[in-house]
Every structure is written in C-alpha cells, then in structure tokens.
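Visitor: what's the 3D shape of this:
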Amino acid sequence: MALLPSRGVSRKNRYHCPMSSADPSSPDDHLARRDSILSGVARACELLSEAQPWTAVINDALRLLGEATGVSRVYIFRVDPANGAEVVSQCFEWCSRGITPQIDNPDLQNVPLEAAGFTRWAKLLKVGEPVFGDIGDFPESERPLLEMQDIKSILIQPIFDGSTWWGFMGFDACASIQSWARVEVDTLRIASIVLGSAIHRQTRDAHLNEIQKMEALARMASGVAHDFNNVLMVIACSTELLKSELELAGMRNLAQGEQISMMEHALDRASTLTRRLLEFSKRRSNSPQVVSPLQLLNKEEPLLRQALGNRARLRISPGGLGSHLPVRIDPTAFAQLVLNLAVNARDAMPEGGELMFEVSTLRSDEPLAIFDRIPDGRWTLLRAVDTGTGMTEEVLEHAFEPFYTTKPPEQGTGLGLSTIRSIVNSFGGHIKITSAVGRGTEFRIYFPAITEDSTSAPT
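Guide: Next up is the predicted model:
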C-alpha cells in the first residue's frame, strides 16, 4: 500500500472514465461492478455501526470492501501529529490471495508525510478530498514507493474523527489497472465516513466512561475522608488526654518523649491524607505556588525512602546543566504525585533496584520534547526512572485508566497512575511513559516552566 497518491496530471487521467473507448468492458459489467460496491459498502457499514468496538470488526469490513471492489489490498493508515507535521503508520490491512501484505513493511510505519514528499496529497485529504488514479499518471518523483509495492492504481479516502483528520482508507490494485468511476469513489466515501463516525463514537464513549468512573471515585473518596476524619478526631483527642495525664502524673519526659511525638507526626500525616481525599472529591487543589520541583523532592526525600523500603535505592539529581526553572503547582499535590511514583516503582522492583528522580528544563524543539510531542514553549521536566520489571504493551495502553491494575485485589486499587495523570493535567502538564518488560520504566512529566517575566522566584 502506498502513501497518498496524486490525483494525476490531467482531468481525463484523474477520473479514468470507464466508458471511454479504451475501456473494453460493457455497460452491464459496469452496472454489476457498481451494484457489487454498493452491496459491499452497505454490509461493511452495517458492521461498523454495531455497538462493539470498531477495531473488532474492521478486518471483516476491509475484506467486504476488498471483495466488492476487486482490488488487491484494502488498508487503514493512522495519522498522528508530530512536531507540527503529520506522521502516518499502517495499522490494518486486507489482501487478496497471492498479494504480498504490507502491514509489516517498516517503510510504511512512522512516515513523516512532508519529508517523504507527500505534502500535496496530505493537503487534499485534510480537506476531505479523495485521491485516486493510475500510478503511470503520477509525476516521476512520486512513483518509487508505489511501484515498490507493485501498485498499478490506487484510491484513498480520508477518515475524520469528528472534525479532526484521523487517517485514511486505501484501495490498491496490483494485478491490473483499476479505473474508478466517480459514482464508485463517492460510494466508497460512505464507508470511510461511517468508519470515522465509529471511531468518534468510541472515543466519546471512552471519555464518558472515564468521567463516570472519576465521579464515582470522587463520591467514594469524600465518604472515606469524612469517616476517616471522625476516627482521627478520636485519636487526636485521646493523644492530648494521654499527654495531660502523663504531665499530671509527673511524667513530663514521657509526655514530650519520642513515642508521643511519633503519634502526633502520624496524626499530622493522616490529616494531610484526609485533606487530599477531600480535595480530590471536590475536584480542586490548594492554591498553587511557584516552586522548585527539586527542592520539593529533597523535602519529601525521607518519606520517599520510607515508601521504597530497604531493598530499593533512591537518587535525586538535577539534570542537564544542573539548573531548572520553577513551576506553578500545589506542593501537596506534587508530594502526592512523587509518592505515587515511588510506590509504583517499589511494586515493580520486588527484588530491589533503584529509582531516580531528575529535574531539568528544556525547550519544545529539543529532541526529547519532539519525541514526546510536547507543545511549543519551555518546560520543566521531572523524570522518574526505575530498574523494575517494566510493563507490557497491553499494560501501557491501560496504565492511566482508573481502577486498572495487574495486582491482586488486596494489593492495589489501580488509582495511583490515574491520580498522577489527574494532578499533571490540572496544572497544565503532560505525562509520557516509556517501558519494556525486563528493562524498567521511565515517567516523563512536563510542567510549564515559569520564567522571570511571568512570576517571582520559587518558594
């Protein structure tokens, strides 16, 4: 399958009218072909309109369209923005018997359209125009990638998720030249429109389900916080009463001793936890402050080491040139974020290992930010890198979903990473994960950097 072919040189060549004198087929043949395409599109659209995920039926839909049109390959390409340019990758494909599949062709994965010379074609698809014609009619510079796949004729239909260009559906004719009548092009456009609607519906439903999960979680957090707070009040009052009785009994050293102090410290930590639960349930945070992430990390270091346990090492260091710009965030929310990262790393390193936190500032045009597709500007980056067991692709796909966990019910709730993402999003940040089984995990969290022009020094 090739990338976005040109619409051809001349108007005649673009449309390849099947009723021309060069076309030996009869009107009855054209009617039969038209009816076959209509039937195939109808059946494919029926599949794509079902309640199940579109990914579960797309292969059958592509087969129906391929058999109806008599082409050699039908496929789907996904378009993703990267550093201001479109990058395309093939993700689904149907092939007729005897045709070499292209789904595993590395030349058709992560291809930047502009760099590959297909900018003109991308512009047509982005405005909803189909692209079709014979490869022989294309300019010489556009043929090599198409001819490498033995393509003789091609049709590409754009796919839109709402108003966003999502990708395209392509039809390759490899056995012989395939002429396309305008009515056939318009009919096949219906299939790409229905697929786009299915994609949009699934995206919308997934977003709605996440909102509903978070609302249920917020209600649960509010109830737990209030009940927990009532228990804490009893413990706090009992602690104060115990101190008073010890002092009255002449045991002032015990009243002010290490054990009572530890109880008071634990109560303070528990009160902070209750406040965080209430903040989460109300979908708000404390007033953000301009702070240094590295200073906050150093402040939370004792708690982080305690969370990691004795088997894992903790390292906190500045990255880059050793300096970074401050960010605007609630310190309590930041503490919760790094604590959740530490707990996640601990669980991934049952035999021990190392967790490294690194803070640096970078621009959006630097390689790492380009790789992570971070918007324009300056960003302060918090990296959390562990040497744990890593994640499979399936786990990575669901990592931020509330209640998703690979741990036994008594060992995890699946809320840690979803809470991290909620905190990052609420302060205008971005979070990315890189992980592989046996190679550990790296979290990269970008917060908007605060410059001297926008605020005062960090607190």
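Visitor: Please make it C-alpha for all contacts and neighbour counts, starting now.
Guide: Noted.
Visitor: just checking, what packs against the helix or strand hosting Leu47?
Guide: For Leu47, the element it lies in under DSSP states H and E is helix 27-48. If contacts are counted by 3 or more C-alpha pairs under 8 Å, 6 or more residues apart in numbering; DSSP states H and E, helix 27-48 sits against helix 58-69, helix 182-248.
Visitor: Need the CA coordinates for that helix. PDB is fine.
Guide: Output in PDB follows, covering the C-alpha atoms of helix 27-48 (Å, rounded to 0.1, in the frame of the first residue of the first chain):
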ATOM      1  CA  PRO A  27     -22.200  -1.200 -19.600                       C
ATOM      2  CA  ASP A  28     -23.600  -4.400 -18.000                       C
ATOM      3  CA  ASP A  29     -20.100  -5.000 -16.500                       C
ATOM      4  CA  HIS A  30     -20.100  -1.500 -15.000                       C
ATOM      5  CA  LEU A  31     -23.600  -1.900 -13.600                       C
ATOM      6  CA  ALA A  32     -22.600  -5.200 -12.000                       C
ATOM      7  CA  ARG A  33     -19.500  -3.700 -10.500                       C
ATOM      8  CA  ARG A  34     -21.400  -0.700  -9.200                       C
ATOM      9  CA  ASP A  35     -24.000  -3.000  -7.600                       C
ATOM     10  CA  SER A  36     -21.200  -5.100  -6.000                       C
ATOM     11  CA  ILE A  37     -19.600  -2.000  -4.500                       C
ATOM     12  CA  LEU A  38     -23.000  -0.700  -3.200                       C
ATOM     13  CA  SER A  39     -23.600  -4.100  -1.500                       C
ATOM     14  CA  GLY A  40     -20.100  -4.300  -0.100                       C
ATOM     15  CA  VAL A  41     -20.300  -0.800   1.400                       C
ATOM     16  CA  ALA A  42     -23.700  -1.500   2.900                       C
ATOM     17  CA  ARG A  43     -22.500  -4.600   4.600                       C
ATOM     18  CA  ALA A  44     -19.300  -3.000   5.800                       C
ATOM     19  CA  CYS A  45     -21.200   0.000   7.200                       C
ATOM     20  CA  GLU A  46     -23.600  -2.400   9.000                       C
ATOM     21  CA  LEU A  47     -20.600  -4.000  10.700                       C
ATOM     22  CA  LEU A  48     -19.100  -0.700  11.600                       C
END
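Visitor: how about Arg315, phi and psi?
Guide: Dihedral pair for Arg315: phi -130, psi 130, per degrees, to the nearest 10.
Visitor: what about the stretch 301-450 of the chain, any weak spots by pLDDT?
Guide: 320-322, 402-416 (pLDDT under 70).
Visitor: before we move on, the earlier item: out of the helices and strands packed on helix 27-48, which comes closest to Thr451?
Guide: Minimum separation from Thr451 across the helices and strands packed on helix 27-48 (C-alpha to C-alpha) falls at helix 182-248, 33.6 Å.
Visitor: buried ones in the helix or strand following that closest one?
Guide: As assigned by DSSP H and E, the chain's next helix or strand after helix 182-248 is helix 252-255. For helix 252-255, a neighbour-count test (16 or more other C-alpha atoms under 10 Å) marks Ala255 as buried.
Visitor: Can you pull out the residues in contact with the helix or strand Tyr446 falls within?
Guide: Using DSSP H and E, Tyr446 sits in strand 441-448. Strand 441-448 is contacted from outside by 327-328, 377-391, 424, 427-435, using C-alpha atoms under 8 Å, 6 or more residues apart in numbering.
Visitor: Restricted to strands, list those residues.
Guide: Members of the contacts of strand 441-448 lying in strands (criterion: DSSP state E): 327-328, 378-386, 430-435.
Visitor: among the residues you listed, which ones are buried?
Guide: Using 16+ other C-alpha under 10 Å as the burial test, the ones in strands among the contacts of strand 441-448 include 327-328, 378-386, 430-431, 433, 435 as buried.
Visitor: all strands of the stretch 1-150 of the chain, in order?
Guide: 73-82, 85-95, 111-112, 131-134 (DSSP state E, counting those that start in this stretch).
Visitor: Just name the most buried of those.
Guide: For the strands of the stretch 1-150 of the chain, average neighbour numbers computed from mean count of other C-alpha atoms under 10 Å are highest in strand 131-134, which has a mean of 24.
Visitor: Quick check: which helices or strands does it pack against?
Guide: Here strand 131-134 touches helix 11-15, helix 119-126, strand 153-161, going by 3+ C-alpha pairs under 8 Å, 6+ apart.
Visitor: so can I have TSV of those showing distance to Ala266?
Guide: Formatted as TSV, those follow (distance: least, C-alpha to C-alpha, whole Å):
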stretch	distance to Ala266
helix 11-15	76
helix 119-126	58
strand 153-161	50
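Visitor: Find the one among these with the highest mean neighbour count.
Guide: Mean neighbours per residue, mean count of other C-alpha under 10 Å, is largest over the helices and strands packed on strand 131-134 for strand 153-161, with a mean of 26.
Visitor: what pLDDT, on average, does stretch 229-237 get?
Guide: Computed over stretch 229-237, the mean pLDDT rounds to 84.
Visitor: Actually, stretch 72-92.
Guide: Mean pLDDT, stretch 72-92: 83.
Visitor: ok, now stretch 246-264?
Guide: 79.
Visitor: Report the buried residues of the host helix or strand of Glu300.
Guide: Assessed by DSSP H and E, Glu300 sits inside helix 293-308. Neighbour-count burial for helix 293-308 flags 293-294, 296-297, 300-301, 304-305, 307-308 (criterion: 16+ other C-alpha under 10 Å).
Visitor: Need the winner for burial among the helices and strands packed on helix 27-48.
Guide: Looking across the helices and strands packed on helix 27-48 with neighbours counted as mean count of other C-alpha under 10 Å, the highest average goes to helix 58-69: a mean of 21.
Visitor: CA atoms of that one as CSV?
Guide: Provided in CSV are the C-alpha atoms of helix 58-69 (Å, rounded to 0.1, in the frame of the first residue of the first chain):
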residue,chain,number,x,y,z
ILE,A,58,-12.5,-3.6,10.9
ASN,A,59,-10.8,-6.6,9.4
ASP,A,60,-14.1,-8.1,8.2
ALA,A,61,-15.2,-4.7,6.9
LEU,A,62,-12.0,-4.3,4.9
ARG,A,63,-12.5,-7.9,3.4
LEU,A,64,-16.0,-7.0,2.3
LEU,A,65,-14.8,-3.8,0.7
GLY,A,66,-11.9,-5.6,-1.0
GLU,A,67,-14.0,-8.4,-2.4
ALA,A,68,-16.7,-5.9,-3.6
THR,A,69,-14.2,-3.7,-5.5
